[in-house]
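**Student:** Sharing a model prediction with you, sequence too.
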Amino acid sequence: MSDKSKNGIDRRNFMIASLATVGASAGLAAAADAADAQDTATPASNPGSGTVYTGDTIEGKKVVSALDVNDLEPGKKHLLYFQGVEMPTGQYWYVSVTVAKGAKPGKRGVLTSGVHGDEMSSIHTVQTVMNQLDPAQMSGTVMAVTDVARPAIEGMQRRWPNQGRGIDLIDMNREWPGNENGLTAPSRHAGLLFNRLLRPNADFAIDFHTGTTGFEVTAFNIGGLDVPEVKAMVELYPVGQIFDNHVYPGVLHNAFMDVGIPSFTPEIGAARVLDLEMISLFVEGTMNVLKHHGIVAGPMGRTGKDVNVFVGNSAFPILATQGGIVEHLVKLNDKVEPGQRVAIQRNSFGEVVAEYTSGVAGEITGQRSDAMSEPGNPLAFILFHKVAPEEGQSYPE
């Protein structure tokens, strides 16, 4: 959910912008040569420079700083590391890249996970899909990047612990497409990955997520159904809900969409755990997408036509007004009506201090899983259909 106000950039970004202006004025001459070198190194809007090997290997896997899957041998699976942004020590954050290069030419799909570091089911989903692929029987290529925000994953936390002004936790899924010469490590990391790894190798892309720590969600897909290519893919999943909304700028699937690459986001339950039953639904759906694009052969599995899919285009947030222990009166995927009680809250004496009701008719798509809450925390989200949804909606976290 967005860190940005509807009225403009948030305080952190305002401070960054102000400091950048002052720093640019003070250090322009001294930094000119370095800036020229950096700008030269930044790929054009449609990079085509091919694969660049750094000469390093990690655990027997070659390291690249740019990748063109067309350079890889067909009919094989390739395991690589991509060299991302530098740490404060001058070493690099590396991300894992798996490429299943088909024996025959065809579409190129990109699967990503780990943009948020606490989302384990999304990582396992992508790994499971890749383990099912046989490049010798494929037409086209599937590339997977499973650990996009490595420092966040190392701490199994949602946000990247940026070191620029002390520990500044930055949500990397608000940074895309990034900036290779940006003012934070996550922005630069996003720029490197998007320009040199993800965008150049994608005809379509799927960015897998889960709920965040303390908040679980149903099995659903987020995407703009007004885009025919996206609609065709989203409906191939046997999951119960579809959130028909482009959501806010800065998320990875919108960075792909902005450059003409069809993309969407699956959401796979709770953070920090492996929900194997839910994962299987998204593996089945993703394999359907690969069959849809002709990358793998075989009959389709179950799709949205085989389940009772609820489609909404907006999410109604229910926020805590008190502190205390939360008791949910409904479950994920339950249908609710306006005025229906969905949760109560008790203080330390056991007294009911707040009751929460739905303001819309819809289905429960997310619930707070932590039993206690401070005022302002989201307790639930209700997926519903809004006659005129706002563009680029943002939601509280």
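**Tutor:** Now that the structure is in, tell me what you want to look at. Residues are numbered from 1 along each chain as shown.
**Student:** does Val230 sit in a helix or strand, and which one?
**Tutor:** Element membership of Val230, judged by DSSP states H and E, is helix 228-234.
**Student:** which outside residues touch that helix?
**Tutor:** 204, 206, 221, 223-225, 242, 257, 262-264, 289, 292, 304 (CB atoms under 8 Å, 6 or more residues apart in numbering). Glycine gets a C-beta too; all of them are placed from N, C-alpha and C.
**Student:** pLDDT, distance to Asn70 and neighbour count added to those residues, as TSV?
**Tutor:** What follows is the contacts of helix 228-234, written out as TSV (pLDDT from 0 to 100; distance: CB to CB, whole Å; neighbours: other CB atoms under 10 Å):
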residue	pLDDT	distance to Asn70	neighbour count
Phe204	99	17	23
Ile206	99	21	30
Asn221	98	29	26
Gly223	98	28	26
Gly224	97	29	20
Leu225	97	32	19
Ile242	98	34	23
Met257	98	23	20
Pro262	98	20	22
Ser263	98	21	26
Phe264	98	25	28
Val289	99	21	21
His292	98	22	17
Gly304	97	33	20
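**Student:** ok, then the element right after the helix holding Val230?
**Tutor:** Using DSSP H and E, the first helix or strand after helix 228-234 is strand 241-244.
**Student:** Show me the shaky parts of the stretch 151-300 of the chain.
**Tutor:** Along the stretch 151-300 of the chain, no part satisfies pLDDT under 70.
**Student:** what separates the residue lying farthest from the centre of the chain from Ile325, distance-wise?
**Tutor:** The C-alpha centroid of the chain is most remote from Phe349, which lies 40.5 Å away (CA atoms, centre = their mean). Taking CB to CB, to the nearest Å as the measure, Phe349 falls 11 Å from Ile325.
**Student:** among the contacts of helix 228-234, which two are most distant?
**Tutor:** Spatially, the most separated pair among the contacts of helix 228-234 is Met257 and Gly304, at 20.6 Å (CB to CB).
**Student:** Return the set of buried residues in stretch 78-86.
**Tutor:** 78, 80-85 (16 or more other CB atoms under 10 Å).
**Student:** Which members of those define the maximum pairwise distance?
**Tutor:** Pairwise distances among the buried residues of stretch 78-86 were taken by CB to CB; the largest, 22.8 Å, belongs to His78 and Val85.
**Student:** Not counting sequence-adjacent ones, nearest residue to Ser121?
**Tutor:** Nearest residue to Ser121, sequence neighbours excluded (CB to CB, 6 or more residues apart in numbering): Ile268, at 4.3 Å.
**Student:** What residues does Ile242 make contact with?
**Tutor:** Each residue near Ile242 by CB under 8 Å, 6+ apart is listed here: 220-221, 223, 225, 234-235, 304, 309-312.
**Student:** same thing with Ala219?
**Tutor:** Taking CB under 8 Å, 6+ apart, we find Ala219 in contact with 239-241, 266-269, 278, 281-282.
**Student:** what does Gly178 give?
**Tutor:** By CB under 8 Å, 6+ apart, the residues touching Gly178 are 186-195.
**Student:** if you set the cut-off to 7 Å instead, what comes out?
**Tutor:** Counting by CB atoms under 7 Å, 6 or more residues apart in numbering, Gly178 makes contact with 187-191, 194.
**Student:** quick revisit: any chance of the contacts of Ala219 in TSV with distance to Glu119 as columns?
**Tutor:** Formatted as TSV, the contacts of Ala219 follow (distance: CB to CB, whole Å):
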residue	distance to Glu119
Val239	16
Gly240	19
Gln241	18
Pro266	11
Glu267	9
Ile268	8
Gly269	10
Met278	12
Leu281	16
Phe282	12
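**Student:** on that earlier part again, in helices, which of the contacts of helix 228-234 fall?
**Tutor:** Among these, the ones falling in helices (DSSP state H) are 257, 289, 292.
**Student:** Please identify the helix or strand for Thr286.
**Tutor:** For Thr286, the element it lies in under DSSP H and E is helix 276-292.
**Student:** what's downstream of that helix, the next helix or strand?
**Tutor:** Next along the chain from helix 276-292, counting by DSSP H and E, comes strand 310-312.
**Student:** Distance from the helix or strand just after that following strand to the middle of the chain?
**Tutor:** Going down the chain from strand 310-312, the next helix or strand is strand 314-319, by DSSP H and E. With CA atoms, centre = their mean, to the nearest Å as the basis, strand 314-319 stands 20 Å off its chain's centre.
**Student:** Next, report how far the helix or strand following strand 314-319 is displaced from the centre of its chain.
**Tutor:** Per DSSP H and E, the first helix or strand lying C-terminal to strand 314-319 is strand 324-328. Averaging C-alpha positions (CA atoms, centre = their mean) puts strand 324-328 29 Å from its chain's average.
**Student:** what do you get for stretch 353-368?
**Tutor:** Offset of stretch 353-368 from its chain centre (CA atoms, centre = their mean): 25 Å.
**Student:** Quote the end-to-end distance of that stretch.
**Tutor:** Terminal residues of stretch 353-368 lie 17 Å apart, using CA to CA, to the nearest Å.
**Student:** where along the stretch 1-150 of the chain do the helices fall?
**Tutor:** Secondary structure of the stretch 1-150 of the chain (DSSP state H, counting those that start in this stretch): helices located at 11-41, 120-132, 150-154.
**Student:** Which strands border the helix or strand following the last one, and is each parallel or antiparallel?
**Tutor:** Tracing the chain past helix 150-154, the next element assigned as helix or strand by DSSP H and E is strand 160-162. For strand 160-162, the paired strands and their directions (DSSP bridges) read strand 168-170 (antiparallel).
**Student:** So what touches the strand it pairs with?
**Tutor:** Residues outside strand 168-170 that contact it (CB under 7 Å, 6+ apart): 159-162, 184, 186.
**Student:** May I see the buried residues of it?
**Tutor:** For strand 168-170, by 16+ other CB under 10 Å, it's 168, 170.
**Student:** so how far is it from its chain's centroid?
**Tutor:** 17 Å.
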